[in-house]
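In: Turn this into a model:
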Amino acid sequence: GFEHGLTLEVHGVAADAIEVTGNEVKATIPEQVDLPPGDHTVTVVGHADGAVVFSRSATFRKAPRIDNMKPASGHLGQAVVLQGVSFTDENQGAAPSLFVGSVEVQPESVDLHEIVFRVPKVSQETPVDLPVRVTVGGLDALSPSPLKVLTNRFSPLEIGLTARPQTESGLWEVASTIGPVLYLHDSPEEGANSSGDAVQKSSSAAPPAVALEAIRGLERLFELSRTDAPEVRVRSTREGFVFEIPGAEGSDAETLFTLSKRDIEELGHRRQTAAAPGLRANWLAHLLTDVFGTLAGGRPPSSGPSDSAHLAPLRRLVRSNLDRGGTGRPGKPDLETLPVADRQALELAFVSLPASLEPLTGRWIGRLENVFDPESSTQLEVTMDLRQDGLRVRGSARAVFRSRAGTQGFPDAQVTGTVTDTIPPKVNLRMTFNRPLGSLELDGEVGGEGMAGPFSTSLSSTGVWQAARY
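Out: Here you go, the predicted structure:
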């Protein structure tokens, strides 16, 4: 007995009948029925001529629906907003599942009508269209159109080398994309007038030959570092230091550029340092290998002194690019998104030497475990007053033996030794005490404010030691 004037009320919300026959009525569930996705039983009431014709229970499934997606395309990490209905299931307390293609994505925010997420990492060489799917309570909703995931192959950084005069110091600065690399004199003898004042340069002056040679050599290194992993090495000469890369087997090394001893002394000029020239030159070679290998080849540095400020920023650059879907070779966005402290560390990398490259001159406190009996909990404390002259080390040391039974001191002993100008520096210290300690030899590496490595004694005992500045 259904008639065309019949109206319906579903879960207390009016619904227009869309098809009525004598024994059947069909209607669309109103949008205003505020129920979470899933199976629901609701009351359907029919009205005709102002009276209730029937009241029955009905079961329906409410699914989420995506009406809109903005933007329709994006790079890795870009925010995307989905708008629609029924994105949450408060009854079950379940969060929606979101997929871009086959990649599950954790939404940043979710409410009943909106989901915000970021474009995930997708391996592709060209832009790709991927469907967006939201699953709530076992029911799915697909975006009206796919999300176009754009490639993240930003143009790699170039080294961008320039030479410009420094009017106050009278030096020439060779700078790169990340900051200054070298400070050079016009010639090995140039730099001050007869009164000792710096010679001022005009901003329009032409770069000297030494700056042009350095730029050519650095550009050559950058080019080689794109595909190979050349290690910059240093060869000392009477005039200065030659920076070169090893040739292929059986061939000569390739010279990049030559720096005078005065130019090498400008390394680390941002703070007072007494590091030996050879050590500064090797530090520059180490930095060039690390920085150019990362910027040109996408290879993060693997090792270096523990207090090297450039290591972490370079590794973050490579990781940032990989996360963007790149090859690891950093682009401009990777550099721009580095934390401020990391940017500053890279800018100062070539003009601020690590503390571990300073001479060993000063007082050190060293500790050696189990010198006499490897099974005991004994400790030998050695206080060393060292003086470094070039690569030679001299000084004095006194030792105190500590055990459960008490302490025993030893008269002072002379210290002799050497330190290398490698990166990191390696140290060898020798001293001879009265019996029962006898002679003691310490080998190790210098890093940060400390030294550490293996030790040996004339008692044939061995172990490890560590020392810190006092």
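
In: What's the separation between S461 and P301?
Out: 37 Å (Cβ to Cβ, to the nearest Å). Where you see a C-beta, it was placed from the backbone N, CA and C, and this is true even at glycine.

In: Ok, L171 next?
Out: With Cβ to Cβ as the criterion, L171 and P301 are 28 Å apart.

In: Between the two, which is the more surrounded one?
Out: L171 (24 against 20; other Cβ atoms under 10 Å).

In: Tell me the bridge partners for the closest residue to the more buried one other than its chain neighbours.
Out: Of all residues not flanking L171 in the chain, Y183 sits nearest, at 4.5 Å (Cβ to Cβ, 6 or more residues apart in numbering). Y183 forms beta bridges with E173, as assigned by DSSP bridges.

In: Distance of Y183 relative to G22?
Out: 98 Å.

In: Please say which of those two ends up with more neighbours.
Out: In this view Y183 and G22 are compared by other Cβ under 10 Å, and Y183 has more residues nearby, 22 against 8.

In: what's the average pLDDT for the longest helix anywhere in the chain?
Out: Across the chain, the longest stretch assigned as helix under DSSP state H is helix 277-297. Mean per-residue pLDDT for helix 277-297: 93.

In: My guess is G179 contacts S352. True?
Out: No: assessed by Cβ atoms under 8 Å, G179 is found out of contact with S352, at 10.5 Å.

In: follow-up on the earlier one: return the residues in contact with the residue nearest to L171.
Out: Contacts for Y183 (Cβ atoms under 8 Å, 6 or more residues apart in numbering) come out as Q166, S169, L171, W172, E173, V174, D263, E266, L267, H269, V351.

In: With E441 instead?
Out: N428, L429, R430, F455, S456, T457.

In: pLDDT wise, what is R61 at?
Out: For R61, the predicted pLDDT is 68.

In: er, H47 actually
Out: Value listed for H47 in the pLDDT field: 78.

In: With the one 10 residues further on instead?
Out: S57 carries a pLDDT value of 83.

In: what do you get for D323?
Out: pLDDT for D323: 77.

In: what's the burial count for it?
Out: Using other Cβ under 10 Å, D323 has 13 neighbouring residues.

In: cool, and R430?
Out: By the criterion of other Cβ under 10 Å, R430 has 16 neighbours.

In: That one should be in a strand, yeah?
Out: Yes: remark: R430 belongs to a strand, assigned using DSSP: H, G, I helix; E, B strand; the rest coil.

In: pretty sure it contacts T418?
Out: No: using Cβ under 8 Å, R430 is not in contact with T418; the gap is 9.5 Å.

In: Which parts of the stretch 101-250 of the chain are strands?
Out: Secondary structure of the stretch 101-250 of the chain (DSSP state E, counting those that start in this stretch): strands at 103-105, 109-111, 114-118, 128-130, 132-136, 139-142, 147-149, 162-165, 172-175, 180-184, 233-236, 240-245.

In: Looking at those strands, spot the one closest to H310.
Out: The closest of these to H310 is strand 180-184. By Cβ to Cβ, the value is 12.2 Å.

In: Which among the contacts of Y183 count as buried?
Out: Neighbour counting by 16 or more other Cβ atoms under 10 Å classes S169, L171, W172, E173, V174, D263, E266, L267, V351 among the contacts of Y183 as buried.

In: Now pLDDT and distance to G12 too, for those residues, in a markdown table please.
Out: Shown next, in a markdown table, are the buried ones among the contacts of Y183 (pLDDT from 0 to 100; distance: Cβ to Cβ, whole Å):
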| residue | pLDDT | distance to G12 |
| --- | --- | --- |
| S169 | 81 | 83 |
| L171 | 90 | 83 |
| W172 | 93 | 83 |
| E173 | 93 | 77 |
| V174 | 94 | 78 |
| D263 | 91 | 86 |
| E266 | 84 | 83 |
| L267 | 79 | 80 |
| V351 | 84 | 75 |
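
In: Having no further points to raise, I will conclude here.
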